[in-house]
Every structure is written in structure tokens, then in C-alpha cells.
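Q: here is a sequence with its predicted model. Questions after.
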Amino acid sequence: MPNFLLNRWHGYHVIALFIVATGFVTFVAWYNWKVGVIGFLLLGILLVFSIQARMAFERDLVNYISTLSSRVSKAGEEAVKRMPVGILLYNEEHTIQWSNPYMTTTFDEKLIDRPLSVISEELEKWLEEETTEGLLRIDESIYQVTIEPQERLLYMIDVTEQEQALEQFHQSKTVLAMLYLDNYDEVMQGIDDQVRGRMMSIVTKTLNEWADYYGIYLRRTSADRFIAVMHAYSLKEMEESRFEIIDDIRERTAKEKLPITLSIGVGTDEDDLRELGKIAQSSLDLALGRGGDQVAIKRTNGRVRFYGGKSNAMEKRTRVRARVISHALRDFVTESDKVLIMGHKNPDMDAIGAAIGVQKLAEVNDKEGFIVLDPNDINYTVQKLMEEIEEHDYLWSHFITPEEAKDQITPETLLIIVDTHKPSLVIEPELLNRVERIIVLDHHRRGEEFIEDPVLVYMEPYASSTAELVTELLEYQPKRLQMDRLEATALLAGIIVDTKSFAVRTGARTFDAASFLRSNGADTTLVQKLLKEDLGQYVERSKLVKSAETYRDGFAIATASETKLYNQIIIAQAADTLLSMKDVVASFVISKREDGYVSISARSLGDVNVQIIMESLDGGGHLSNAATQLTDITVLEAKEKLQEAIDQYIEGGQ
């Protein structure tokens with residue numbers, strides 16, 4: 001215990017003793033004054049001793065505080081001089097006024113009276129943006145910087161080793177990938193053993209070379225499936241090369257006249273291996289849902305990244321899947337008390353036609369089917385079809401409004417979504433939350449947004465239209481089908497519109513579906529009547545086409561004026577018209593719509609993947625047919641964004 005504390009302790013006891021003694025001596029003096037005098041003399045001596053003790057206490061206290069303050073001050077000075085932390089003071093003009101030795105030895109001996117930019121240009125930006133802390137890279141070093149703007153004080157701590165260790169940890173994290181040969185069964189069907197062996201030799205050799213180059217553990221799990229385990233740094237290198245393995249497999253096997261395409265689903269940013277496997281499988285499903293021949297990389301957080309997707313989805317020769325889905329759909333229908341059918345907002349001919357086809361499927365299975373349609377949101381291109389339907393008493397009685405649909409929902413109701421798989425695009429999103437069983441029938445390439453927990457999904461990007469898919473499902477219904485003329489015509493019109501009169505995205509199965517509909521009463525003359533175009537609309541579309549100009553090599557971009565509003569159909573038709581022009585490989589039309597959005601419609605003949613370009617602008621669609629809608633932007637700004645997306649697509653290796 002310090003001396004001054006001991007003195008303080010003794011001082012308190014002397015005072016207490018003095019008070020007690022004074023009382024006692026006074027009491028004694030009352031009876032014997034001689035003894036009292038002696039007592040008071042002793043008390044005087046005690047008082048002198050107490051005063052000396054007090055003075056000694058104060059003197060020791062002052063010395064202790066002085067010594068401690070000196071030691072703290074010296075320790076602070078030594079810390080500022082020797083501690084591996086950079087400290088500097090700057091003035092209002094961002095000029096360095098003082099720095100500790102660490103700063104001068106690390107950067108420059110002559111920092112005083114020089115601007116902060118001599119250390120890093122970023123510091124000036126931080127002060128302008130009022131950034132108070134963050135990581136700053138200077139040459140090969142990384143510093144944790146903290147700024148006290150009120151004091152105009154800056155601290156810098158070298159965290160290079162910690163950041164390098166953290167980066168090494170992230171780079172060495174496990175990444176799981178699942179590889180699938182999309183069209184293996186179709187390609188291998190009907191070819192002799194020699195060609196089959198040669199094809200698989202090409203595939204396995206190419207994959208093994210790829211795995212060796214990137215340090216991947218590759219294992220074949222079945223004839224058309226592989227699993228790959230790698231580190232995160234290998235994934236980063238493959239992304240920088242934009243997964244050239246996709247093109248290598250397709251191009252090398254194409255020499256045998258039977259190209260095989262590869263899809264890869266990648267799971268990353270997850271420590272749990274079981275979750276990593278689920279993410280990889282989900283990514284593969286997403287890649288296949290978009291037509292295959294591409295890579296999908298899904299992280300636990302953040303958007304999915306796609307690579308590849310340069311080829312159109314290959315039409316499957318076998319109809320086994322269509323038959324299985326048809327029978328499964330029949331089972332779901334028969335287990336329900338009623339069926340609600342709903343397409344996307346502002347439904348087009350394909351959505352209406354497919355909905356009518358599904359309603360027919362419910363009818364042949366002795367169930368009531370109702371088509372949900374908002375009378376205030378009908379595409380003008382289907383007006384003539386709706387007029388025909390209104391004159392058809394039976395068919396018109398099966399069209400209901402979203403409010404009527406809500407009133408009819410029961411626990412056994414089945415909801416079938418056609419021509420879309422995005423919950424934000426359906427006519428009435430609330431129905432998705434109120435119906436327990438949902439089925440999705442769509443021909444679009446699958447996007448990130450998807451309806452949650454459907455009991456059945458039938459998505460075939462190779463198909464020309466949802467009407468084609470529904471027609472095939474009708475063919476495989478066990479009961480004999482008797483279609484009405486208008487029902488068959490509506491389905492055929494949906495196919496004709498989406499294929500541009502069988503000019504694009506048309507396969508052998510498209511013609512088979514059209515033939516089936518024709519044999520069941522579809523009227524081609526009525527189709528032409530339903531698709532007749534208004535002269536005023538034709539003139540408006542021509543104005544849009546006239547505004548087109550060429551960008552880069554074969555990219556035609558048409559832009560409407562800022563004050564002119566066009567509906568989505570005219571915008572899309574203008575893009576189709578532009579694509580028919582000479583030397584145009586891809587067409588884009590930009591215009592404001594009546595709902596306030598700025599719309600971009602994109603078309604190509606297949607050499608350019610407009611889906612990827614539109615996805616970079618938060619849109620989507622098909623390889624040769626895509627679109628997006630932008631908000632809070634002018635037409636000119638949308639054009640600039642589109643040109644940037646095209647540049648990125650071309651310069652990024654597509």
C-alpha cells in the first residue's frame with residue numbers, strides 16, 4: 001500500500017481518537033483539575049501529531065499524482081512514437097500538419113505541409129464523401145483507415161496480413177458443381193456403337209482436360225451426369241474465361257454432326273455440404289429450365305449469374321415426358337373440386353389460347369374449369385378473339401374476374417398458371433397465396449423469380465408456345481376428345497402468333513400440334529380474321545421502325561420520342577419488323593408506355609442471345625425474344641443503358 005494511503009488511514013484514526021479523548025479529559029477535569037491539565041497537555045501533543053500526519057499525507061499524495069502523470073505522459077509519447085499505427089493531423093485544406101514516426105517511415109519523411117493525396121488519392125474522395133472508415137489499398141498493402149472529421153485526425157492500421165488470410169480463406173472455400181449433358185438421350189438414340197463411343201470419348205476427354213487445367217475433382221455419376229468439387233479460386237478463373245467448356249463441348253461434338261450441349265449448376269458461399277449440394281442442384285434445374293447449354297451460379301445471397309446460353313433449346317424427339325405430365329395433370333384435376341386457370345397480366349393470344357386448352361382438359365375429366373381474366377386489362381390483339389368468345393355462350397360462361405375467383409376458392413381447388421412462371425406477372429397474385437395446389441405450364445426460359453412450391457411444373461423452352469404444350473397434353477388424355485371449333489382455333493392462333501406464322505422457334509412437334517388442332521376443327525380462315533391488324537396501328541409501328549439506327553455490327557435500335565406513348569404490342573411488332581431487315585442480327589425498340597414504364601423489346605435470329613442482354617437490364621425472355629421494363633428513366637437514358645449492355649455482351653465474349 002502506498003505511504004500516502006497509510007498516512008491517510010492513520011490520520012482518520014488520530015482524529016477519531018482526539019475527539020474521544022477530548023470528551024474523556026473534559027469529563028475528568030470536571031472532578032480533578034490537575035488530572036485534566038495533564039490530559040489537555042497530552043491532547044495538544046496528539047493534535048500536533050495529527051497535523052503533521054495530515055501534511056505528510058498531502059505531500060505524499062502530490063508526489064504520487066505527479067509521478068503517475070509523468071509516467072502516463074511518457075507512456076503515451078512512447079506509444080505514439082513506437083506503436084505500429086499511423087496517426088496524422090490535417091487542416092481544413094486537407095494539408096498534413098503533423099504525423100507520428102510510423103507514418104513518416106512507412107510513406108515519406110517529408111509529409112508535413114503536403115496534401116493528403118500524397119498518401120492516396122482515395123483519401124481526398126473519402127473526405128469529400130464524408131466517409132469515416134474503411135479499407136484502403138496502397139500499392140501491395142491494405143490499411144484500416146479511421147477518420148475523426150471533428151478533430152481532423154486520421155488513423156491508419158496495416159491489416160494486410162489479416163486481409164490476405166481472409167482472402168485466402170474465401171478463395172479456398174469448397175464449391176460444388178453438377179454437370180448434365182442436356183440432350184444425351186436424344187443424340188445417342190439410333191446411332192451405332194462406334195459413333196456413340198467416339199462421341200463419349202470426345203466429351204470425357206474434353207471434360208477431363210478442363211478439370212486438370214482448373215484443378216477440379218471430377219467424377220462421373222451416370223451416363224449423362226458428372227459432379228465436380230473445386231475451390232472458389234477455380235470458380236473465379238472459370239468465370240473470367242466465361243466457362244469456355246460449354247462452347248468446347250458443343251463445338252467438338254458438332255464435328256460428328258450431332259452436337260451435345262452441357263449444362264452446369266454451381267453452388268457456392270455455403271459451409272454446410274448438404275446445403276451446398278441443394279444449391280448446386282437448384283442451379284442446375286434453373287439452367288435446364290432456361291433451355292440448357294449454359295451455367296447457372298447460385299449463391300446463398302445475391303442474384304444468380306448465368307454464362308453461355310448461346311444455342312436454342314433443342315427440341316426433344318421423345319414425347320414420353322409430355323405423356324407423363326398429361327397423366328399427372330389429369331390426376332390432379334380429378335382430385336380437385338374445380339380448376340382455376342390464370343395467365344399473365346395483359347394476356348396475349350398464347351395465354352388465352354392455352355387457358356382455353358386447359359379449361360377443355362378439365363372438362364374432359366368432368367371438372368369445372370374457370371379462366372381468370374381482368375376485363376380492364378385485355379391486350380388489344382385479343383379483342384377480336386374475346387368478341388368471338390362472348391358470342392360463344394358455353395365458353396364465355398367459364399371466364400370469371402379475379403374477385404369472382406377469390407369467392408370460389410376451396411381447400412380442394414387447383415390453380416393452373418399458363419404462359420408465365422413469375423408471381424409478379426400473374427393476373428391476380430393473391431390467388432397464389434390462397435390456393436394450396438398450383439401447377440405451372442410455361443414455355444419461357446426460367447428466371448430467378450419463380451412461383452413457390454408448385455405441385456407440378458411443365459416448362460419446355462424448346463416449345464414454340466404454351467399453346468403447343470397444352471395441345472400435346474390434350475392429345476394424351478385417355479378420354480376421347482371432342483373440341484369445339486373456337487377452342488381449337490384459339491390454340492392454333494396462340495401457336496401462330498408466337499411462331500410468327502411458323503417462321504421462328506418452330507420444330508417438328510409444332511407442326512404436329514398444329515396438325516392435331518386442324519384435324520379437331522381449327523379454322524385457319526378464322527385465325528386470319530382474329531389476327532387482322534388495324535391500319536392505324538400499322539402506321540404507328542412504321543414510325544417506330546423509321547427511327548431505327550444501327551449500333552455496333554448489325555444491332556438495330558429504334559427509339560420513340562419522349563412524349564410519344566406506345567403499347568407493348570406495337571413495340572414488340574416493331575422489333576419483329578426491324579429483324580426482317582437486311583444485315584440486322586438483333587433489333588431493339590425503346591418507347592414509353594401508357595403505364596409509365598419505358599419498355600425495351602429485343603429480337604434476334606439466334607446468333608445473338610438477347611435474353612442475356614435483357615437480363616442485365618432486369619428483364620428476361622428467350623434467346624431470340626426478350627424484353628424489359630424500366631422505371632424512373634427517360635428513353636434516351638434507356639438507350640444508353642442498352643448500348644452499355646450490348647457492349648458488355650460483345651466485349652465480354654457473349
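A: That came through fine.

Q: make it CA atoms for all contacts and neighbour counts henceforth
A: Fine.

Q: ok so Ser599 is a helix residue?
A: No - assigned with DSSP: H, G, I helix; E, B strand; the rest coil, Ser599 falls outside any helix and is strand.

Q: I'd say it and Ser591 touch.
A: Yes - Ser599 sits in contact with Ser591 when judged by CA atoms under 8 Å, with a separation of 5.5 Å.

Q: which one of the two is surrounded by more residues?
A: Neighbours per residue, other CA atoms under 10 Å: of Ser599 and Ser591, the larger number sits with Ser591, 30 against 24.

Q: what sits against the more buried one?
A: Under the criterion of CA atoms under 8 Å, 6 or more residues apart in numbering, the contact list for Ser591 reads Thr559, Ala560, Ser561, Glu562, Lys564, Leu565, Tyr566, Ile571, Val598, Ser599, Ile600, Val635.

Q: quick one, what contacts Ile246?
A: Contacts for Ile246 were tallied using CA under 8 Å, 6+ apart; they are Thr261, Leu262, Ser263, Asp293, Gln294, Gly308.

Q: local confidence estimate at the second one?
A: Read that as Leu262. Leu262 carries a pLDDT value of 92.

Q: what's around it, how many residues?
A: If you count neighbours by other CA under 10 Å, Leu262 ends up with 28.

Q: and what of the fourth one?
A: When neighbours are defined as other CA under 10 Å, Asp293 has 28 of them.

Q: relative to Ile264, how far out is it?
A: Computed as CA to CA, to the nearest Å, the Asp293 to Ile264 distance reads 8 Å.

Q: common neighbours of these two, please.
A: Contact criterion CA under 8 Å, 6+ apart; residues bridging Asp293 and Ile264 by contacting each: Ala287.

Q: which residues are common contacts for Ser599 and Ser591?
A: Overlap between the contact sets of Ser599 and Ser591, as judged by CA under 8 Å, 6+ apart, is given by Ile571.

Q: the helices in the stretch 351-500 of the chain, which residues?
A: With helices called from DSSP state H, counting those that start in this stretch, the stretch 351-500 of the chain shows them at 383-390, 393-396, 402-408, 430-434, 466-475, 485-498.

Q: ok, and which of those helices has the densest surroundings?
A: Neighbour counts (mean count of other CA atoms under 10 Å) averaged over each of the helices of the stretch 351-500 of the chain peak at helix 466-475, with a mean of 26.

Q: against which helices or strands is that helix packed?
A: Contact partners of helix 466-475 among helices and strands, from 3 or more CA pairs under 8 Å, 6 or more residues apart in numbering; DSSP states H and E: helix 320-334, helix 349-364, strand 437-442, helix 485-498, helix 508-519.

Q: so which of these comes closest to Ile279?
A: Ile279 lies closest to strand 437-442 among the helices and strands packed on helix 466-475, at 21.6 Å (CA to CA).

Q: strand partners (parallel or antiparallel) of that closest one?
A: Using DSSP bridges, the strands paired with strand 437-442 are strand 414-418 (parallel), strand 456-459 (parallel).

Q: contacts for it?
A: Counting by CA under 8 Å, 6+ apart, 413-421, 432, 453-461, 465-466, 469-470 sit against strand 437-442.

Q: quick check: beta-bridge partners of the spatially closest residue to Ser172 that is not a sequence neighbour?
A: Nearest non-adjacent residue to Ser172, counting by CA to CA, 6 or more residues apart in numbering: His231, 5.1 Å away. Beta-bridge partners recorded for His231 (DSSP bridges): Thr174.

Q: so His231 sits right up against Ala177, yeah?
A: No - taking contact to mean CA under 8 Å, the distance of 10.8 Å between His231 and Ala177 leaves them out of contact.

Q: so which of these two has more stuff around it?
A: Of the pair His231 and Ala177, Ala177 is the one with more neighbours under other CA under 10 Å, namely 26 against 19.

Q: roughly how far is the helix or strand where the more buried one lies from the heart of the chain?
A: Here Ala177, judged by DSSP states H and E, is contained in strand 174-181. What separates the centre of strand 174-181 from the centre of its chain is 20 Å, taken as CA atoms, centre = their mean, to the nearest Å.

Q: now stretch 538-550
A: In terms of CA atoms, centre = their mean, the centre of stretch 538-550 is found 34 Å from the chain centre.

Q: repeat that for stretch 406-416.
A: With CA atoms, centre = their mean, you get 32 Å for stretch 406-416.

Q: ok, the residue nearest to Ser172 - contacts?
A: Remark: with contacts taken as CA under 8 Å, 6+ apart, His231 is in contact with Gln171, Ser172, Lys173, Thr174, Val175, Ile216.

Q: state the pLDDT value of it.
A: Predicted confidence (pLDDT) for His231: 94.

Q: and the strands in the stretch 501-650 of the chain?
A: If you assign secondary structure with DSSP state E, counting those that start in this stretch, the strands in the stretch 501-650 of the chain sit at 549-551, 555-559, 586-592, 598-604, 620-621, 625-630.

Q: typo on my end, it should be the stretch 51-200 of the chain
A: With DSSP E, counting those that start in this stretch as the definition, the stretch 51-200 of the chain shows strands at residue ranges 85-90, 96-99, 133-138, 141-148, 153-158, 174-181.

Q: any chance of those strands in TSV, with distance to Lys639 and mean pLDDT too?
A: Listed next are the strands of the stretch 51-200 of the chain as TSV, based on distance: least, CA to CA, whole Å; pLDDT from 0 to 100:
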stretch	distance to Lys639	mean pLDDT
strand 85-90	45	86
strand 96-99	46	85
strand 133-138	35	88
strand 141-148	39	90
strand 153-158	44	89
strand 174-181	37	95
